[in-house]
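Enquirer: Need a 3D model of the sequence below.
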Amino acid sequence: MVATGPDARGTKTGTVEAPAAPAPASASASASDEPTAADGEADAAPYGAAARRAVVARQREAFGGVKIGSALFGWLTATGTAAILTGTVAGASTALGIDTTGRAAVLTGVASESVGWVAVTVLALILLASYWCGGYVAARMARFNGAVQGLAVWVWALVIAIVVSLVSVIIGSQVDVLANANLYPRIQMSPEEFTVAGLVIAAIVLVSSLAGAVLGGMSGTRYHRRVDRAGFVEER
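Expert: This is a model prediction of the structure:
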């Protein structure tokens, strides 16, 4: 017969083992208080504005520098803008009845002795606006080093102008593409007319175009900095 009841349970199981005592509370607390490697890495990881600056610095290190292709597109933008603005000013001067005798209106192809300082000022403003657009486009494409991208746009224009001028001298004026197409506001000067006034005008042209390109490049990167700030909580 099978025994039942308390006696049977005692016979079947024998001695009952006592449950294990829980670990002391002090031991568990001390174990939880000990820093781990993950906690250290979390504390050392930057966050907020510091994280944004670290990410942008790594990106600039990897993708910064002069971008020749972006600068070329910036030069094309500056050239097109200069042509549009020059045509607009020439058309406006004709509509207003301003004397525009010669081949290319007030700002293009006029002998230096007949160029007034008002025309020189307009020329400087056209170049400033045109190269601002060119520098802006180059910097938006390159993302980093906006001032350097604007300078590269200006260097592109300088190199292309020198190359075209040399080819024109060697082969002939028929290949002077920039002059024939009126892509730039120009002030023609002969060697005899290249006096102090001519040097001043040339300096104004160079400085205004360079300033426009650099300022446009600096403005072009501001959009990317706003994008970089998105998603990061700024530190207060």
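Enquirer: State the helix or strand in which the residue nearest to Met141 when sequence neighbours are not counted lies.
Expert: What sits nearest to Met141 in space, not counting adjacent residues and going by C-beta to C-beta, 6 or more residues apart in numbering, is Ser70, at 3.9 Å. C-betas here are computed from N, CA, C, even on glycine. Per DSSP states H and E, Ser70 falls inside helix 68-95.
Enquirer: Just the angle for the helix or strand following that helix relative to helix 68-95, thanks.
Expert: For helix 68-95, the following helix or strand on the C-terminal side (DSSP H and E) is helix 117-142. Per axes from the mean of the first three to the mean of the last three C-alpha atoms, to 10 degrees, the angle that helix 117-142 makes with helix 68-95 is 150 degrees.
Enquirer: So which elements touch the helix holding Ser70?
Expert: Counting by 3 or more C-beta pairs under 8 Å, 6 or more residues apart in numbering; DSSP states H and E, the packing neighbours recorded for helix 68-95 are helix 117-142, helix 146-171, helix 196-220.
Enquirer: Quick check: what element follows the last one along the chain?
Expert: So that's helix 196-220. The C-terminal neighbour of helix 196-220 among helices and strands, as given by DSSP H and E, is helix 222-229.
Enquirer: Pull out the buried positions in that following helix.
Expert: For helix 222-229, burial by neighbour count (16 or more other C-beta atoms under 10 Å) applies to His224.
Enquirer: tally of neighbours for the residue nearest to Met141?
Expert: 21 (other C-beta atoms under 10 Å).
Enquirer: so of the helices and strands packed on helix 68-95, which one's packed in deepest?
Expert: Mean neighbour count (mean count of other C-beta atoms under 10 Å) peaks for helix 117-142 among the helices and strands packed on helix 68-95, with a mean of 23.
Enquirer: and it, what other elements does it pack with?
Expert: Checked by 3+ C-beta pairs under 8 Å, 6+ apart, helix 117-142 has helix 68-95, helix 146-171, helix 196-220 packed alongside it.
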